[in-house]
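Visitor: What shape does this take:
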Amino acid sequence: MAKKKAGNVKPNETELKDKLVYLNRVAKVTKGGRTFSFAAVVVVGDENGTVGHGLGKAREVSEAIAKAVDDAKKNLVKVPVYKGTIPHEQVGKYGASRVLIKPAADGTGVIAGGAMRAVLESAGIHNVLAKSLGSSNPHNVVKATIDALLKLRSPIEVARQRGVDLDKVFNG
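Guide: Residues are numbered from 1 along each chain as shown. Just a heads-up that it's a prediction; the model follows:
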């Protein structure tokens, strides 16, 4: 079996689904009054181990979302998903945001808040326990969650590094 490496991935663009995580209206005060624009944070994924995030800014909401989706498609990464959950517990950090993700038994569902839920569901993880520990800024929580997912090691990779069979990794 070929080693799956975390990094930029190019899946078929038609199977990617996007989720809007956060939309912010910002105002620039000028001599003629306030000028409003929008910033959108979007997560895209194929629900099969590939996920990416993007930020788009524009005067119109739909344009900001479209820019964010294009940016997200440029930042795709592959994450290990094992039997609908993650292989092991992991902490991710970005800025002042810290997230903790733990594997969960089948049927648990995605126990996670807003920004983390979007990332985990887009990655195709169906059973996971997650907690946001630091800042709740959606931009940083998304990046911290992706950081945690990138730090995960697949069971196959662990078995290869240890030089043992795959069942020995799980059964001690």
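Visitor: quick one: low-confidence parts of this structure?
Guide: Residue ranges of the chain with pLDDT under 70: 1-14, 172.
Visitor: quick one, what contacts the residue most central in space within it?
Guide: Note on the chain: the residue nearest the mean C-alpha position is Val119, at 3.4 Å, using Cα atoms, centre = their mean. Residues counted as contacts of Val119 (Cβ atoms under 8 Å, 6 or more residues apart in numbering) are 21, 43, 45, 51, 53, 142, 145-146, 149. Any C-beta I mention is one placed from the backbone N, CA and C, and that applies to glycine too.
Visitor: now do Asp147
Guide: Asp147 neighbours (Cβ under 8 Å, 6+ apart): 92-94.
Visitor: State the distance from the residue nearest to the centre of the chain to Val169.
Guide: Going from Val119 to Val169 by Cβ to Cβ, to the nearest Å gives 26 Å.
Visitor: likewise Ala115?
Guide: Applying Cβ to Cβ to Ala115 and Val169 gives a distance of 31 Å.
Visitor: Who has more neighbours out of these two?
Guide: Per other Cβ atoms under 10 Å, whichever of Ala115 and Val169 has more neighbours is Ala115, with 27 against 17.
Visitor: ok so that one is a helix residue?
Guide: Yes: judged by DSSP: H, G, I helix; E, B strand; the rest coil, Ala115 forms part of a helix.
Visitor: sorry, back to before: among the contacts of Asp147, which one is most surrounded by other residues?
Guide: Gly92 (23 neighbours).
Visitor: Just list the residues touching the closest residue to it other than its chain neighbours, thanks.
Guide: The shortest distance from Gly92 to any residue other than its chain neighbours is 2.7 Å, reached at Ala148 (Cβ to Cβ, 6 or more residues apart in numbering). Ala148 makes contacts with 90-92, 99-101, as judged by Cβ under 8 Å, 6+ apart.
Visitor: List only those of the residues you listed flagged as buried.
Guide: Neighbour-count burial within these applies to 90, 92, 99-101; the criterion is 16 or more other Cβ atoms under 10 Å.
Visitor: Any chance of a markdown table for those residues, columns secondary structure and distance to Lys131?
Guide: Below are the buried ones among the contacts of Ala148 laid out as a markdown table (DSSP: H, G, I helix; E, B strand; the rest coil; distance: Cβ to Cβ, whole Å):
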| residue | secondary structure | distance to Lys131 |
| --- | --- | --- |
| Gln90 | strand | 12 |
| Gly92 | strand | 11 |
| Val99 | strand | 7 |
| Leu100 | strand | 5 |
| Ile101 | strand | 8 |
